[in-house]
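In: pasting the sequence and the predicted coordinates here, then a few questions.
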Amino acid sequence: MISIVETTPYDDQKPGTSGLRKKVPVFRQKNYVENFIQSIFDSVAGFRGETLVIGGDGRYFNREAIQIAMRMAAANGFGRVIVGQGGILSTPAASHLIRKNRAFGGIILSASHNPGGPEGDFGIKYNIGNGGPAPEKLTEAIYARSRVIDRYATVRAVDVDLDTVGQLMLGDMTVEVIDPVADYAELMEALFDFGAIRALFAGGFRMAFDAMHAVTGPYAVEILERRLGAPAGTARNAVPLEDFGGHHPDPNLVHARDLYDLMMSPEAPDFGAASDGDGDRNLIIGRGIFVTPSDSLAMLAANAHLAPGYAQGLKGIARSMPTSGAADRVAQKRGIGLYETPTGWKFFGNLLDAGLATICGEESAGTGSDHVREKDGLWAVLLWLNILAARGASVMEIARRHWAEYGRNYYARHDYEDIDTAAAGELMAALRQKLPSLPGQRFGDLAVEAADDFAYRDPVDGSVSEGQGVRVLFAGGSRIVFRLSGTGTSGATLRVYLECYEPDAARHGRETQEALSGLIAAAERIAEISRRTGRDAPSVVT
Ligand code: G1P
Ligand code: ZN
């Protein structure tokens, strides 16, 4: 039954910030998926008879890739595969299933917020037994293996019926097709005060949740509408589509523009939220107010104790380096640890496992906690709902009071997408060369206090990650960070993160871009963005 197939390696299977992401036609090359999956199996040991969780965000090519992965898991000796019905599992739900079933690991098929379809993006990510993304050491081993791989193992079998919940055999391996929502919904009920949120909706509270035709649709319908009693239609675009209806399933102010416009209009409901392709990101908008993900992290951390799952308080807070320092002020006031990690969720795993942090977040619309080992979009939405119910206040009121207490970190990210890869590399190299000469220089009102290339030493395992982004720190707490994206699939994307701290409550009503204008001008002068990229404006501002 098992066949060993000869293959030749590809040289581009290097996992990025979050797994291997490429265009669908790249994945469709001969043995491309097989090579990568076998490279994963060859880089881990001890899984004979163990469980593997498999699921994806439902995008184009999801089902084919899942069939390949299941056949290879059977041939390589796994004892059981747990797969979501229809091949669907949100990333946080997959993380939970790995943990709950004490699985050896999981394979998540997703390119997150990137567009899908025959010419769109696809991705494969491996998660380890704690439910979190493979750490760098492992992704490097997978890449090294992929460069020399010469055979893979599979079984010859007909496709597994993914649409019927139940149990069947594939070779000697059991396949359990499960309801993708049930376990996750149960976990959410254990963390949050569903009674209080139900009462909120029963009292006329209105919400719009945009699932962006991606994986969270079925989760949102079950949890928000069925279990919490929100009116039918609260979850919009709730049917997952292979091409996300032709949109980018990216919950930001550009791609979730309809939701933003609704929330700023006179008809706005009380609360607006959205999630991305695979359900790990979140967008939070109150009536008349967009909450930046960095602020959302800080506000959730400051109020988390209002939810039963966090009533004991937080052990610590972790944020990625480019995320604003708003959460730092909450940690400081509470006397708990604050951890600053490189971009990417994989760096939070050790901190959560070691009990150093309870809540984590990234400026890129990712927030989560130690309930799983991935960021979790609906979790953030439910924690907000729990806080709104417990405090009986609007998002606007909660934000204003928060800023009055802690000060406000004005924040924006400017992305220059699909720029020339060589030019992007040269821009970063030139910045790195400039680092020693920057301290002491002035750019308008801004005086550079320090500048470095961020390096992180994991406090748990001592591993060091270098070259994680250039930081320019100004007197008074303002900051610019430059880094290149590790998730794009064409050209390079330069990300410029701008942050300005304002302690004075009288100055909290400013428009963000205006509050950041001095920093924007300084970023241009320091990095020569327009000359080097040929762009005079960012493609996306979030
Ligand atoms: C982006 C985000 C990062 C996030 C990752 C995966 O990575 O910036 O915070 O963890 O997507 O969702 P980047 O493209 O910047 O490497
Ligand atoms: Zn995602």
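Out: Ah, there it is. Ligands and ions are numbered 1, 2, ... in the order given.

In: name whatever forms a beta bridge with the closest residue to Phe348 other than its chain neighbours.
Out: Leaving aside its sequence neighbours, Phe348 sits nearest to Cys360 (C-beta to C-beta, 6 or more residues apart in numbering; 4.4 Å). Every C-beta, even on glycine, is put in place using the N, C-alpha and C of the backbone. For Cys360, the beta-bridge partners under DSSP bridges are Ala318, Gly368.

In: how far away is Cys360 from ligand 1?
Out: 11 Å (C-beta to the nearest ligand atom, to the nearest Å).

In: for that residue, the count of nearby residues, please.
Out: 30 (other C-beta atoms under 10 Å).

In: ok, the residue of the stretch 51-200 of the chain found nearest ligand 1 to Ile387 distance?
Out: Nearest residue of the stretch 51-200 of the chain to ligand 1: Ser112, at 5.0 Å (C-beta to the nearest ligand atom). From Ser112 across to Ile387, the span is 26 Å (C-beta to C-beta, to the nearest Å).

In: the two: who's more crowded?
Out: Taking neighbours as other C-beta under 10 Å, Ser112 and Ile387 compare with Ser112 leading, 27 against 23.

In: who touches whichever residue of the stretch 251-400 of the chain sits closest to ligand 1 in this structure?
Out: As assessed by C-beta to the nearest ligand atom, ligand 1 sits closest to Ser364 within the stretch 251-400 of the chain, at 3.5 Å. Listed by C-beta atoms under 8 Å, 6 or more residues apart in numbering, the contact set of Ser364 reads Arg281, Pro293, Ser320, Thr343, Arg413, Thr542.

In: and the stretch 1-150 of the chain, which residues reach ligand 1?
Out: Residues of the stretch 1-150 of the chain lying close to ligand 1 by C-beta under 6 Å from any ligand atom are Thr17, Ser18, Ser112.

In: what residue ranges in the stretch 401-542 of the chain score low on pLDDT?
Out: Scanning the stretch 401-542 of the chain for pLDDT under 70 picks out no residues.

In: let me see the ranges of the strands in it.
Out: Secondary structure of the stretch 401-542 of the chain (DSSP state E, counting those that start in this stretch): strands at 408-419, 442-443, 446-453, 456-457, 464-465, 470-474, 479-484, 492-502, 540-541.

In: redo those as CSV? Include distance to Gly335.
Out: CSV is the format used below for these (distance: least, C-beta to C-beta, whole Å):
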stretch, distance to Gly335
strand 408-419, 20
strand 442-443, 35
strand 446-453, 26
strand 456-457, 23
strand 464-465, 28
strand 470-474, 24
strand 479-484, 24
strand 492-502, 21
strand 540-541, 35
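
In: export these to TSV and tack on mean neighbour count?
Out: Converted to TSV, these look like this (neighbours: other C-beta atoms under 10 Å):
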stretch	mean neighbour count
strand 408-419	22
strand 442-443	15
strand 446-453	17
strand 456-457	14
strand 464-465	14
strand 470-474	22
strand 479-484	23
strand 492-502	23
strand 540-541	17
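
In: so which of these comes closest to Glu34?
Out: Glu34 lies closest to strand 492-502 among the strands of the stretch 401-542 of the chain, at 28.7 Å (C-beta to C-beta).

In: list, one by one, the residues from the stretch 351-500 of the chain near ligand 1.
Out: Near ligand 1, when you scan the stretch 351-500 of the chain using C-beta under 6 Å from any ligand atom, you find Glu362, Ser364, Gly366, Ser485, Gly486, Thr487, Arg495.

In: pick the one among those residues closest to ligand 2.
Out: Closest approach to ligand 2 among these (C-beta to the ion): Gly366, at 7.6 Å.

In: surely the closest one is in contact with Trp345?
Out: Yes: with contact defined as C-beta atoms under 8 Å, Gly366 reaches Trp345; the gap is 6.6 Å.

In: shared neighbours, the two?
Out: With C-beta under 8 Å, 6+ apart as the test, Gly366 and Trp345 both reach Asp280, Lys375.

In: more neighbours: these two, which one.
Out: When Gly366 and Trp345 are compared for neighbours, Gly366 comes out ahead with 27 against 24, by other C-beta under 10 Å.

In: all set now, cheers.
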